[in-house]
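K.L.:
Got a predicted structure here, sequence first:
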Number of protein chains: 4
Amino acid sequence: MVVVIKKNTDEEQLNNLKEWLKSFGVDIHESHGEYETVLGLIGDTSHIDTDLLSSLSIIESVTRISEPFKAANRKFHPDDTVIEVAGLKIGGGNFQYIAGPCSVESEEQITYIAKEVKKAGAAFLRGGAFKPRTSPYAFQGMRAEGLRLLEEAKEQTGMPIVTEIMDISHLELFENVDVIQVGARNMQNFELLKELGHTNKPILLKRGLAATIQELLMSAEYIMAGGNDKVILCERGIRTFETYTRNTMDISAIALLKEKTHLPVIADPSHAAGFSRLVKPLALAATAAGADGIMIEVHNDPAHALCDGPQALTPEQFSDVVSDCNSIRDILNK
Amino acid sequence: MVVVIKKNTDEEQLNNLKEWLKSFGVDIHESHGEYETVLGLIGDTSHIDTDLLSSLSIIESVTRISEPFKAANRKFHPDDTVIEVAGLKIGGGNFQYIAGPCSVESEEQITYIAKEVKKAGAAFLRGGAFKPRTSPYAFQGMRAEGLRLLEEAKEQTGMPIVTEIMDISHLELFENVDVIQVGARNMQNFELLKELGHTNKPILLKRGLAATIQELLMSAEYIMAGGNDKVILCERGIRTFETYTRNTMDISAIALLKEKTHLPVIADPSHAAGFSRLVKPLALAATAAGADGIMIEVHNDPAHALCDGPQALTPEQFSDVVSDCNSIRDILNK
Amino acid sequence: MVVVIKKNTDEEQLNNLKEWLKSFGVDIHESHGEYETVLGLIGDTSHIDTDLLSSLSIIESVTRISEPFKAANRKFHPDDTVIEVAGLKIGGGNFQYIAGPCSVESEEQITYIAKEVKKAGAAFLRGGAFKPRTSPYAFQGMRAEGLRLLEEAKEQTGMPIVTEIMDISHLELFENVDVIQVGARNMQNFELLKELGHTNKPILLKRGLAATIQELLMSAEYIMAGGNDKVILCERGIRTFETYTRNTMDISAIALLKEKTHLPVIADPSHAAGFSRLVKPLALAATAAGADGIMIEVHNDPAHALCDGPQALTPEQFSDVVSDCNSIRDILNK
Amino acid sequence: MVVVIKKNTDEEQLNNLKEWLKSFGVDIHESHGEYETVLGLIGDTSHIDTDLLSSLSIIESVTRISEPFKAANRKFHPDDTVIEVAGLKIGGGNFQYIAGPCSVESEEQITYIAKEVKKAGAAFLRGGAFKPRTSPYAFQGMRAEGLRLLEEAKEQTGMPIVTEIMDISHLELFENVDVIQVGARNMQNFELLKELGHTNKPILLKRGLAATIQELLMSAEYIMAGGNDKVILCERGIRTFETYTRNTMDISAIALLKEKTHLPVIADPSHAAGFSRLVKPLALAATAAGADGIMIEVHNDPAHALCDGPQALTPEQFSDVVSDCNSIRDILNK
C-alpha cells in the first residue's frame, strides 16, 4: 500500500499515523519528495481500511498494491478450484451449461423444460422461485411453491437445481437446492453473504450492476471468510450509458477474473443482453473468452407461451448454442 | 405506453399480444407505418411488465409514458408530504439537519457528538451501528450494542435517532430508532423494503450507486405499497467513470425528485464526496438545489481522533455549514 | 416519433407545435389520456430535432421510434456492404486482420513488422503516424515522416495501410493511405467527418469512449451523407466505472451493429483491454460475436523492444490469435 | 510514481526498465515484498508515459502520485489566475455571467437578446455560429454569417462575445471573438488545442462528456504548453447511466477543480440539465459550490419563439437567476 502525505504536514500527526499503521504489523518505507512524502507499507495490509485512511486530512492519496482479497486470490491459491455438485464438476477445465426458465410457472412447465434442456446438453436446471422485481406491482415469483416444483423437476430428471435466494429467512427452504444463487442486487447484501458462508452449499454469486471486479471478489471473500469456499462467479452485464442494450456484458471481466482468482467463472448472456437474439453471440463470446460455463434462460414450448416468448431461447435454439459453444471449447482445449 | 411492433409480424401473434394487453384494462390505439406498427396504450399501465414485453420477439421497442410509480408520484399527490418525527417536521418547506459520527464507537463518543451537533443546529442524530463494509475484514460496527448507545444519546439529548438496518431479522432491535435508514447497497433489497412497508417508522431510503431516479422511486413505492408512506429519499452520489471523487453527487436528481415526487428529499454530501473538504461546497449546493435537509458526518473532538479525522467535519465546521445553508434557505424562501 | 404533451397545455401552443411538426411532412395521430396528450408522428421524422423538441416547456417526453440514421440503416439497405481495398474485401462474410505497431518508429521497425504480420495472416498494415496523446508532453508520433515510412512498408510488402488522421489540414498527406482511421476522440469531430465524406477513401471509424451505438451510426451517417459510403465501424471499448481494465469492450455492440447496419464492423481488442494478455481472449470473443475483422497491435522483435514490450503482441502471439480466430470463423460459417 | 513489478521477473528485464526510467532523470527507491517489487520514482515524472509503462508484461500496476499537469497545477501556481477580457475580470473572486441564445438566428434576435441579458446582469454574450450536431440532417448553424451577427451585437452593446470553434481552419474568422469556446466533443481534439495555444485569446474549455477531471486539466495543459495560459474551464455535465436528465452535472468537479488548479472554473447548467426548469437550481448549486461564473442560454422574446421556447430561459427568468446567484455569492464572500 502506498500512502502519499501532503506537504507541510504536522510532524506529530504524521507520527501518530505511522504508529497506527505499524499497529497492523506492516513495515513502513518513507521517501521524502519536494511536494509530498510517500509511505510504502510492506506486509499484510488487508486489515487496513483504505476508506478511512484516505479520508484523513493529512493524506493526499492511498493506493492499494496488494489486492484486498486473499481467500479468492489466485496468487495464494494458484490451482483452479473445482466445484463438484451431484457428481458434476465446474471449473478447472470443466465447462457446464445451466439452463431453464426465467420463472417457475407450473409443474408441467418446469419439468417439460428440464427434460428439454437436459436433452440439449444442460447439466443444471435453473428457474426463479423468488423473483427480484423493480416494481412492487410485478409478479414476485411462486416463492416456496416454486421451490417445491423445482425439486419435483429435479426428481424427474436427476438435474441439480440452481435458484436465487432473496433473504436469509428463506434459507431453510433451500435445503434441497443444489446451488444457491445470489442475484446482482444482493451482491453486497453482506448479512446474507455472511450467512451463506456458514452453509456448505455452492453459491453462484452474480456481479452487481455497478460492482467492480474487485468488489465482486470481495463479496466472494465474505462467503469464503465464513468457511464456504464453493463460490462460482457470474458476469451478467454492468450498467453503462448505452441504452440499446439493457446491460453491457463486460467480456474482459471473464478473462480477468480467470487470472485474478481460482474460482470458476460463468456468464449469463440472457440478462446481459436483454434480447433473445443477442444470447447466442454473447454465449459464444463468453466461451471464447474463457468462461467455465454458461447460464441461459430457455423457455417453454413456444406454442404455449405468450406470443413467441420472453428473453429466452427455445430448446432448439439452446441446443444450437450448446453445439457451437462446445466447438469453441474444443478450439481452446486443442 | 407505446409499443412498436416489427414489420412483417404474424397477424395471429399480434392479436394474441393485443388480447393480453387488453386484459390489463387498457385501450389500444393502433397506427400502421411503412416500417412498423405502433400501439398506443391508454389507461393504467402500471401492472404491465415492460421487461417481459420488450423481450417478445415481435416487438421492436416499448416506451413507458406514464411513470410506473403511483403512490410516490406528485402527479397524483400534488402536495408535499411532511413527515413528523418527535415533533420535528421534514418536507413541505421544513428543512432539517441530520448529523453524527460514521460509526458509534463508545457511549462517551456518541453522547459528546450528539450534544455538539445539537448545539450547532442538528435536529436528528445519526450514527452507524450495523456497518455495510466492502471487506469482510473491516470493522462491521458495534451492532446491537451500538443501537443501545444511540438510545442512550437520545435519552440525554432528546434528539431522535437515524440509523441503518441491514437485515430484516434485526428489525425488532430497531424499536426505539426514530428513522430507519436503508443504505445504498440495500436499495433494491426488495424483501427488506416490503417488510419496512409494514412498519410505521419513517424510512430514510438512500439511492443506490447505480440506481436511476426512477428505480429509487420504485423502491420507495415498495415501501409505500405496504402501507407506510413515510419515506425520505436521499441522494448520496452515483458511480461514474470519474476517479478523483469516490462518487459523483447527482445534484440534478435533487431538483428533479422534488418535481417528480411529493416525498422529502435530502442529500448526504459526506458520502457523495468521500473527502471532508468537499462536504461544505456540496452541502451548500444541495441546499441551493432545493433539498429538504442535509445529512452530515461529524466526528469527535479532533484531539481524540486518529490524526485529525475521518471524512467528517468537526462540530465547528459543521456549525459553519449550518450557518451558510440557513442563509441559502433564506434566499430560496424570500 | 411519439411526443407526450403535458396536461393543461394551452390550446394555442399545442396548435403552434402541431403546425410546426406538420411542416416536416409528417402525419399526426393524437390521443388524449387523463394525464397527458400523446402525439404519434408517422412518416419521415429524421429532420426533426428531438433535442429542441424535448426542451419545449409544454412537452413531457419525446421518443424516437424510427432510428435517425438512414444511409447506414440495414432496414433500408438489407444487404451487407462489402468494402474492397486493393483487391481485399471486408464485410459480407469477408473477415480481415489489420495489424501493426502502435506507432511508426523507424523504417526498419515498420517494414520488419509488416513482413511478420503479413506472414502471420494480416491483410492490412496499421501504424500510428499522428498520435492523439492525453498529455502534451508525450510523444506525438512521427507525423508526415511516419506516413512516408508506412508507404515504404506498403511498397515492400504490398499491404494496404491504415492510419489515423487527426485534422482536416493533414488530408493531402493521406493520398497514399488506403484506409483512413478516425480515432475515438474524433468520432464527433463533425467538420472532419464532413470532409472525409467528400473523399472516396474507406474510413475506419472508431467508437468514442462515451458514444452510444446510435451516435456511432450518426457519425457514420455524416460521412455517408457527404457521398462516401465506405465506412468500417470499430468497437474499441467504452468508458465505465471499472478500473481493472482501461476500457470496457462492449461485445454486445458488435452483434447489435451487425443487426442495425449493413456496414462492416471490426473490433480493436488491443485498445479495449489495455493489457496485452487480454488481447487474445477479446479477439476470440469479438470473432465469436460476429465481427468482420480484428485490428491488433503487434510489436517489434522483443529483443529490440523495451523490456518485452508494449500492449501489443509479438508476431508469434499474433499468429496464434489468427489461427484460433480462423477456427472460430469456421464454426460460424459451417 | 509507484511502479509495481511482478514476482519472478527476470533480473535483466528489471534492470532494462530501471535504466529506461532513470533516463527521465528520476531517482528510484526499490522495496522488495514477498509477492512483488515496488519501485518508487522520485522527481519529475511528467514525461513518463504511464500507458506505455503499464502495458509492459513485467509490470503489475503503475500509480501516478504527482499529477501529470504542471502549468495548470495549483501546487506550482498557488494564486488564482485572473483573466481579463475587455476590462472584465473572471477568476480570483471575480464572478461573471455569460448569456445568450443557443444559436445565432438573425441580427434582430441576437441584438435583442444581447440587450436584454446585459440589462439583466450578463457581462459576456454567448451564441452559437458553428453548431456541433449529432445528426448531419440537423441545422449546423449560420457559421461565418453568425459570427458577423455576433460582432454586430457586440458593437451595439459593448459586450465581449464567446462562441465555439469547430475546426482550426476557421480560426481566422475568430479575430473579433473575445473568448473562443472549445466544445465538449472537441475537448480532446489535440491539434485544435495546440493551435489555440499559439493564439493569445482566452479559451473557454468545456469538459468532455466522458472526460475525467484530470483529462480536462491535461487538455488545458495542451493550450498552456503552447504559451496561452488564459484558459477558463467549464463543467457542463458528464454522461452517466441516468436517463431522466440529458447529462449529469458533476457538482463536485467545480469544488475540486478550484482546489487542483488556479484557472477560473465556470458552469453551464443549460447543457448539464437539458431542461429549462432545472437551469435555476443547477445555477444556484454551481454558484454555491464555488464556481467563478455561470453560462446560461437565454432565448428570444417568447412571443416570437416556437411555442414557449427551447432549453433556455427568458430574459426575466435569467434576471431572477442572476439575482439569487448574487445573493449566494454574498454569503460565500461574507
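P.N.:
Noted; the coordinates are in hand. These numbers come from a predicted model, not from an experiment.
K.L.:
burial count for the residue in the stretch 51-200 of chain A positioned nearest to chain C?
P.N.:
As assessed by Cβ to the nearest Cβ, chain C sits closest to residue A:67 within the stretch 51-200 of chain A, at 10.0 Å. C-beta here means a position set from N, CA and C on the backbone, and glycine is covered the same way. A total of 21 residues lie near residue A:67 under the criterion other Cβ atoms under 10 Å in any protein chain shown.
K.L.:
likewise residue A:268?
P.N.:
Using other Cβ under 10 Å: residue A:268 sits among 30 other residues.
K.L.:
Hmm, it is touching residue A:291, no?
P.N.:
No - at 9.9 Å, residue A:268 does not count as touching residue A:291 under the criterion of Cβ atoms under 8 Å.
K.L.:
overlap in contacts of the two?
P.N.:
residue A:235 (Cβ atoms under 8 Å, 6 or more residues apart in numbering or on different chains).
K.L.:
Around the closest residue to residue A:245 other than its chain neighbours, count how many other residues there are.
P.N.:
Once flanking residues are discounted, residue A:245 sits nearest to residue C:252: 4.8 Å by Cβ to Cβ, 6 or more residues apart in numbering or on different chains. Residue C:252: 29 surrounding residues under other Cβ under 10 Å.
K.L.:
average pLDDT for whichever helix or strand residue C:252 is part of?
P.N.:
According to DSSP states H and E, residue C:252 maps onto helix C:251-260. For helix C:251-260, mean pLDDT is 97.
K.L.:
now swap in stretch A:180-187 and tell me
P.N.:
Averaged over stretch A:180-187, pLDDT sits at 97.
K.L.:
What about contact with chain C: does that stretch have any residue there?
P.N.:
No - Stretch A:180-187 lies out of reach of chain C by Cβ under 8 Å from any Cβ of the partner chain, never closer than 14.3 Å.
K.L.:
Quote the end-to-end distance of that stretch.
P.N.:
13 Å (Cα to Cα, to the nearest Å).
K.L.:
how about it, does it get close to chain D?
P.N.:
No - Stretch A:180-187 lies apart from chain D when judged by Cβ under 8 Å from any Cβ; the minimum separation is 14.1 Å.
K.L.:
coming back round to it: nearest residue to the residue of the stretch 51-200 of chain A closest to chain C in space, please, no chain neighbours.
P.N.:
Nearest one to residue A:67, counting by Cβ to Cβ, 6+ apart, is residue A:73 at 5.9 Å.
K.L.:
Bridging across strands, which residues link to the one you found?
P.N.:
residue A:261 (DSSP bridges).
K.L.:
And the helix or strand containing residue A:21, what does it pack against?
P.N.:
In this structure, residue A:21 is located in helix A:11-22 according to DSSP H and E. With contacts taken as 3 or more Cβ pairs under 8 Å, 6 or more residues apart in numbering or on different chains; DSSP states H and E, helix A:11-22 sits against strand A:2-6, strand A:27-32, strand A:36-42.
K.L.:
just the angle between it and strand A:27-32, please?
P.N.:
With axes from the mean of the first three to the mean of the last three Cα atoms, to 10 degrees applied, the angle from helix A:11-22 to strand A:27-32 works out at 150 degrees.
K.L.:
Report the mean confidence score over helix A:11-22.
P.N.:
Computed over helix A:11-22, the average pLDDT equals 88.
K.L.:
quick one, it and strand A:36-42 angle?
P.N.:
Using the same axes, to 10 degrees: helix A:11-22 against strand A:36-42 is 20 degrees.
K.L.:
Flag every buried residue along helix A:11-22.
P.N.:
Neighbour counts using 16 or more other Cβ atoms under 10 Å in any protein chain shown place A:13, A:14, A:16, A:17, A:18, A:21 of helix A:11-22 among the buried residues.
K.L.:
Looking at these, spot the one nearest chain C.
P.N.:
Closest to chain C, out of all of those and judged by Cβ to the nearest Cβ, is residue A:21, at 24.1 Å.
K.L.:
Is chain B within reach of the helix or strand encompassing residue A:108?
P.N.:
Secondary structure from DSSP H and E places residue A:108 in helix A:107-120. No - Helix A:107-120 lies apart from chain B when judged by Cβ under 8 Å from any Cβ; the minimum separation is 15.2 Å.
K.L.:
Which elements pack onto that helix?
P.N.:
strand A:96-100, strand A:124-126, helix A:144-157, helix A:315-333.
K.L.:
Pipe the ones you listed into CSV and attach distance to residue C:50 per row.
P.N.:
Below are the helices and strands packed on helix A:107-120 laid out as CSV (distance: least, Cβ to Cβ, whole Å):
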stretch, distance to residue C:50
strand A:96-100, 41
strand A:124-126, 40
helix A:144-157, 43
helix A:315-333, 36
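K.L.:
Rebuild these as a markdown table, extending it with distance to chain C and mean pLDDT.
P.N.:
Formatted as a markdown table, the helices and strands packed on helix A:107-120 follow (distance: least, Cβ to the nearest Cβ, whole Å; pLDDT from 0 to 100):
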| stretch | distance to chain C | mean pLDDT |
| --- | --- | --- |
| strand A:96-100 | 16 | 97 |
| strand A:124-126 | 21 | 98 |
| helix A:144-157 | 29 | 97 |
| helix A:315-333 | 5 | 97 |
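K.L.:
out of the ones you listed, which comes closest to chain D?
P.N.:
helix A:315-333 (21.5 Å).
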